[in-house]
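Engineer: how does the following fold in three dimensions:
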Amino acid sequence: MSSPLVTSAPLETPESTSLSPVYWLGENADSVFLYREFREAEDLGDPITTAVNAALSLQPLDSDYFNPWRPASKVGTSITKGSVITLDISSDAFKANVDEGIAERAIQQLVYTATAAAANAGLSTPGNPLEVEILVDGHRGYKAFGYVELGALMTRNPELTAPIWVIDPQQDAALDGRLEVYGRAVAIDAQLSWQVSRLEDAEDTGGSKVKSGTVAINAPDGESGEFRFGLDLPAGTYRLSVFDAAQDGSAAAELNPDSKVFSVK
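Structural biologist: Numbers count the residues shown, from 1 in each chain. This is a model prediction of the structure:
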């Protein structure tokens, strides 16, 4: 079973939070996709600059994700008419040695992060697609990581949307008795499978299954949609995994999984 082509990458909706939406890269099967965390970040005066700087300088909380960027000595941003975001980044951010596929995804990481920050802060015009222009040291035409020429307007590439992405809880979240799960997934079948395992501690890579089930995705096949469910758990440390079940039901063939470790007080 393989993921169908994703035809849309929905923007975030405005949130009343001081945290910044930041996208990371994550391996899944034989490809690399984009995943988001909400992070505390140094306030640089506007939400887009703050989020983009965080994407360049922080590391993900979830060890399943990674960040190919190096910290930039300068990050500037602006938004025009609620639809065009311009990023101006210093060239020292591009020092990593990556292949062409990661280079392309790293650029999309900034596109997703900048557009997420604008939408999350209510800076974009509703119904007007956000586009991103990336300058390096104030100039167009820089070849990012030696592969991707910058300067043209870019939009989110929906094919890089994670097949399954657990948004809440975030990695290492501490919950008060009840697990509320929220995420997005590309609909392959009408539903996803999930499992909660109890761990000895946060470093436990095994665990014992305590609950499992299925959850519906509110989207037609090939589209990205949301899923939600909740359950009560006793105090302890747990791992949640959400995945597409193989057609033969084999536990060894859990497809496109995303997992989070969390604790319940």
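Engineer: can you pull the contacts of Thr50?
Structural biologist: Neighbouring residues of Thr50 by Cβ atoms under 8 Å, 6 or more residues apart in numbering: Ser20, Ala41, Glu42, Asp43, Leu44, Ala117. Any C-beta I mention is one placed from the backbone N, CA and C, and that applies to glycine too.
Engineer: what is the longest helix along the chain packed up against?
Structural biologist: Secondary structure of the chain read by DSSP state H shows that its longest helix is helix 100-120. Secondary-structure packing of helix 100-120 (3 or more Cβ pairs under 8 Å, 6 or more residues apart in numbering; DSSP states H and E): strand 20-28, strand 31-39, helix 47-57, strand 84-89, strand 131-136, strand 143-144, strand 148-149.
Engineer: buried residues in it, which are they?
Structural biologist: 102-120 (16 or more other Cβ atoms under 10 Å).
Engineer: excluding its backbone neighbours, what's nearest Pro169?
Structural biologist: Nearest residue to Pro169, sequence neighbours excluded (Cβ to Cβ, 6 or more residues apart in numbering): Phe262, at 4.6 Å.
Engineer: for that neighbour, give me phi and psi.
Structural biologist: phi -150, psi 170 (degrees, to the nearest 10).
Engineer: quick check, Arg39 in contact with Leu19.
Structural biologist: Yes: assessed by Cβ atoms under 8 Å, Arg39 is found in contact with Leu19 at 5.9 Å.
Engineer: the more surrounded of these two?
Structural biologist: Taking other Cβ atoms under 10 Å, Arg39 and Leu19 do not tie; Arg39 has more neighbours (18 against 15).
Engineer: among the contacts of Thr50, which pair sits farthest apart?
Structural biologist: Farthest pair in the contacts of Thr50 (Cβ to Cβ) is Glu42 and Ala117. Separation: 13.6 Å.
Engineer: ok, Arg198 - how many residues close by?
Structural biologist: Neighbours of Arg198 (other Cβ under 10 Å): 17.
Engineer: and it, that one's in a strand?
Structural biologist: Yes: applying DSSP: H, G, I helix; E, B strand; the rest coil, one finds Arg198 inside a strand.
Engineer: got the contact list for it?
Structural biologist: Neighbours of Arg198 in contact, by Cβ under 8 Å, 6+ apart: Gly207, Ser208, Val210, Gly236, Thr237, Tyr238.
Engineer: quickly list what the second one is bridged to.
Structural biologist: To tie it back to what came earlier, the one meant is Ser208. Residues in a beta bridge with Ser208, per DSSP bridges, are Arg198.
Engineer: and stretch 231-245, what's buried?
Structural biologist: Leu233, Thr237, Tyr238, Arg239, Leu240, Ser241, Val242, Phe243, Asp244, Ala245.
Engineer: meant to ask about stretch 45-58, not that
Structural biologist: For stretch 45-58, a neighbour-count test (16+ other Cβ under 10 Å) marks 46-58 as buried.
Engineer: which among those gets closest to Asp189?
Structural biologist: The closest of those, once distances to Asp189 are taken by Cβ to Cβ, is Ala55, at 32.6 Å.
Engineer: wait, doesn't the closest one sit right on Val111?
Structural biologist: No: using Cβ under 8 Å, Ala55 is not in contact with Val111; the gap is 10.4 Å.
Engineer: quick one: low-confidence ranges for this structure?
Structural biologist: 1-10, 13-17, 125-126, 246-253 (pLDDT under 70).
Engineer: picking that back up, and the angle for the longest helix of the chain with strand 20-28?
Structural biologist: Taking axes from the mean of the first three to the mean of the last three Cα atoms, to 10 degrees, one finds that helix 100-120 is oriented at 150 degrees with respect to strand 20-28.
Engineer: what's the angle between helix 100-120 and strand 31-39?
Structural biologist: 30 degrees.
Engineer: roughly how far is helix 100-120 from the heart of the chain?
Structural biologist: Taking Cα atoms, centre = their mean, to the nearest Å, the mean C-alpha location of helix 100-120 is offset from the chain mean by 10 Å.
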